[in-house]
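Enquirer: okay, sequence plus prediction incoming.
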Amino acid sequence: MGMNPQQLGSEIQQAMGYPSPPSRQLIGFAQGIIEELWQNGKFTSRNKPSGHTISGISPNSMASKIASACGYPGVSSMLVSFSSGVCSHISSNAITTYDSPTPTTDLPPSQCWYNNGKISGLIGPDMASKIAKAMGQSFVSDKLLAECNAIVKHIMSNAIVKDGKIS
């Protein structure tokens with residue numbers, strides 16, 4: 001199926017208790033997060049069938065994508081801080097595992113991509129805590145926690161990793 005910005009925006013809207021349909025801003029946040037993973041998410045330990053962490057995602061790049069998708073005139077420091085928390089959590093916690101193939105020797109990256117990859121290890125409260133800290137907040141609001149729970153659930157339920165790319 002793959003990740004879907006419209007669907008994630010709707011899931012965030014429902015989790016946060018906002019009226020339907022999801023706002024342009026919620027869909028824009030979803031789009032920026034997903035596009036950053038699609039375009040810049042890279043994997044380490046590619047020659048092993050499991051335990052692949054995600055790297056390459058950037059708070060500045062994610063914030064720029066969110067601002068553009070939301071129609072904001074620029075990127076605020078708060079948006080960069082929000083994106084920093086999201087990127088930090090994903091880079092620190094996300095693990096990609098695969099069900100095929102399992103090479104017996106190290107192969108060049110072009111020959112060792114695995115199929116049917118799934119992302120796990122994301123934790124909504126941890127992501128929310130990293131965002132709150134990055135934004136200078138001393139606590140995690142219920143709305144932020146709901147948003148982060150929706151984000152991690154969507155990524156772990158819908159992301160597909162094939163040929164080294166996240167969809």
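Expert: Sure, I can see it. All of these numbers come straight from a predicted model, not from anything done at the bench.

Enquirer: can we go C-alpha only for contacts and neighbour counts from here?
Expert: Fine.

Enquirer: and stretch 133-144, end to end?
Expert: 12 Å (C-alpha to C-alpha, to the nearest Å).

Enquirer: quick check, residue 122 in a strand?
Expert: No: applying DSSP: H, G, I helix; E, B strand; the rest coil, one finds residue 122 to be coil, outside a strand.

Enquirer: per-residue pLDDT, it?
Expert: With respect to pLDDT, residue 122 scores 98.

Enquirer: swap in residue 92?
Expert: 94.

Enquirer: same question for residue 162.
Expert: pLDDT, read off for residue 162, is 72.

Enquirer: any stretches of this structure with poor pLDDT?
Expert: Within the chain, the ranges that satisfy pLDDT under 70 run 44-51, 99-115, 163-164.

Enquirer: 50 instead?
Expert: Applying pLDDT under 50 to the chain picks out residues 103-104, 110.

Enquirer: which residues does residue 132 contact?
Expert: By C-alpha atoms under 8 Å, 6 or more residues apart in numbering, the residues touching residue 132 are 82, 85, 138-140.

Enquirer: dump these to a markdown table, plus secondary structure.
Expert: Listed next are the contacts of residue 132 as a markdown table, based on three-state DSSP:
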| residue | secondary structure |
| --- | --- |
| 82 | helix |
| 85 | helix |
| 138 | coil |
| 139 | coil |
| 140 | coil |
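
Enquirer: residue 166: which of the residues you listed is nearest?
Expert: residue 85 (19.9 Å; C-alpha to C-alpha).

Enquirer: check contacts around the nearest residue to the closest one once chain neighbours are set aside.
Expert: Ranked by C-alpha to C-alpha, 6 or more residues apart in numbering and with sequence neighbours excluded, the top spatial neighbour of residue 85 is residue 131, at 4.0 Å. The contact partners of residue 131, by C-alpha under 8 Å, 6+ apart, come to 81-86.

Enquirer: which helix or which strand is home to residue 131?
Expert: In this structure, residue 131 sits in helix 124-134 according to DSSP states H and E.
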